[in-house]
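In: Would you be able to build a 3D model of this:
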Amino acid sequence: MLAHRWDQKVDIKGWWMSEKLDGVRGYWTGKELVSRSGNPFHVPKWFTRNFPSTSLDGELWIGRQQFSELVSIVRRKSDDAGWKKVRYFIFDAPQIEGGFEKRLDFARRWFQEHPNPIAGVIKQQICESEKHLRRKLMEIESLGGEGMMLRKPDSPYTVGRSYDSLKVKTHEDTEATVIRHLPGSGRNAGRLGSLLVELPNGIQFAIGTGFSDKERDNPPPVGSIITFKYYGFYKSGIPRFASFLRVREEF
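Out: Down below sits the predicted model:
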C-alpha cells in the first residue's frame, strides 16, 4: 500500500496521523522479511523471533536522519551487530479482516502476547484539525523528522497507491540522475562541492547542500538516481532550494 500526497482538499479531521519514518520499507510475509521490491533481507533469526504467521507491513528504522547507515546495514549479507540497532515499526497487518484500527489492534495484541523488543506498532493519534496536523508536522520536522502520514479511519488495505493513505511534508521531493561531480572549494576543497543532476524532462542544475562529510568524500556515482527536496520551481523549471536527501536504493 502506497500513499498519495495530501492536496489540502481532503478534510482530514478524525483521520489517524503518525510520523513518516525515513527508513526502509519492510514487509513480513509470514515467513520472511522482504523489501518493497520483494527481495528478502538477510535478517538474523533473532530479529523476527515471535513474528506472526500472517503478514505485517512496516518500516525498518534506526533514527531520524540515519537513512544512509540503515541502508548500509540492511544491504549486507551478515551484520548481526548492525541489525541490533534496527527497529521494525508496524503500520498495518494486511491479511487481518476488518478496517485499519482492527488490523493494527491485532499487531499490538500479538506483540503483547509474543514479545519481541525490536518490533512495535507505530504510534497513532487522531487528527483534531488541520491546525493540529500543522503543529505536529512542525514539531516532527524541527526534530529532524521527514513528515507525517495520515490514514483514513476504518479503511481497507489496498495494494498500490490509495487515497486512504496520505503523506504530508512542508517540502516536495523528487528524483534526478547524477551527471557530474563538481569540485568544492574552501572547506570542501578536494572533495565534492555539488552534483550536476538532470531531471526526467532534461533540465540540468546543481545541488550543493544536504550532504554529510561522508557523502562529500564518497559522493553518489555518476549515473545513480538521487532523491532531493525542493520548494516549488523557478520560471526556468529549476527546483527552488534543492537539497540532497539520499541515493535511491533498490533492494
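
In: From now on I want contacts and neighbour counts done on CA atoms only, so please keep to that.
Out: Will do.

In: Spatially, what comes nearest to Lys229 if we skip its sequence neighbours?
Out: Distances taken as CA to CA, 6 or more residues apart in numbering put Asp173 closest to Lys229, at 4.1 Å, once the chain neighbours are dropped.

In: which of the residues in the helix or strand encompassing the one you found are buried?
Out: Assigned by DSSP states H and E, Asp173 belongs to strand 172-183. For strand 172-183, a neighbour-count test (16 or more other CA atoms under 10 Å) marks 173, 175-181 as buried.

In: that older thread, separation between the residue nearest to Lys229 and Leu245?
Out: Using CA to CA, to the nearest Å, one obtains 9 Å as the distance from Asp173 to Leu245.

In: What pLDDT is listed against Phe51?
Out: Looking at Phe51, its pLDDT is 97.

In: Which secondary structure state does it sit in?
Out: coil (DSSP: H, G, I helix; E, B strand; the rest coil).

In: Neighbours of it, how many?
Out: For Phe51, the neighbour count with other CA atoms under 10 Å is 20.

In: if I pick it, what's in contact with it?
Out: When contacts are counted by CA atoms under 8 Å, 6 or more residues apart in numbering, Phe51 touches 30, 111, 114, 116.

In: wait, doesn't Leu195 sit right on His181?
Out: Yes. If you go by CA atoms under 8 Å, Leu195 and His181 touch, sitting 5.0 Å apart.

In: re earlier: ok, of the buried residues of strand 172-183, which one's closest to Thr227?
Out: For the buried residues of strand 172-183, the residue nearest Thr227 by CA to CA is Glu175; the value is 4.4 Å.

In: I'd like the distance between that closest one and Ala119.
Out: Going from Glu175 to Ala119 by CA to CA gives 31 Å.

In: where does the protein dip in pLDDT?
Out: 251 (pLDDT under 70).

In: Per the annotation, how does it divide into domains?
Out: In terms of domains, the chain is parsed into 2-168, 172-247 (source: automatic domain parsing).

In: Now do the strands in the stretch 151-251 of the chain.
Out: Taking DSSP state E, counting those that start in this stretch as the test, the strands found in the stretch 151-251 of the chain are 161-168, 172-183, 192-198, 204-207, 225-230, 243-247.

In: Could you check how many residues crowd around Trp15?
Out: When neighbours are counted by other CA under 10 Å, Trp15 registers 20.

In: ok, and the closest non-adjacent residue to it?
Out: Among residues not flanking Trp15 along the chain, Lys152 sits closest, at 5.0 Å (CA to CA, 6+ apart).

In: who are the neighbours in contact with that neighbour?
Out: Lys152 is in contact with 12, 15-16, 100, 164-165, counting by CA under 8 Å, 6+ apart.

In: And for Met149?
Out: Residues near Met149 by CA under 8 Å, 6+ apart: 17-20, 165-168.

In: rerun at 10 Å
Out: Contacts were defined as CA atoms under 10 Å, 6 or more residues apart in numbering; by that measure Met149 touches 3-6, 15-21, 124, 133, 137, 165-169.

In: How about Lys13?
Out: Contacts of Lys13 (CA under 10 Å, 6+ apart): 126-133, 152.

In: Tell me how far it lies from Arg151.
Out: Separation of Lys13 from Arg151 (CA to CA): 11 Å.

In: thinking again about what came up before, output the buried residues of strand 172-183 as TSV; include the columns distance to Arg87.
Out: Listed next are those as TSV, based on distance: CA to CA, whole Å:
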residue	distance to Arg87
Asp173	25
Glu175	27
Ala176	30
Thr177	31
Val178	31
Ile179	35
Arg180	36
His181	34
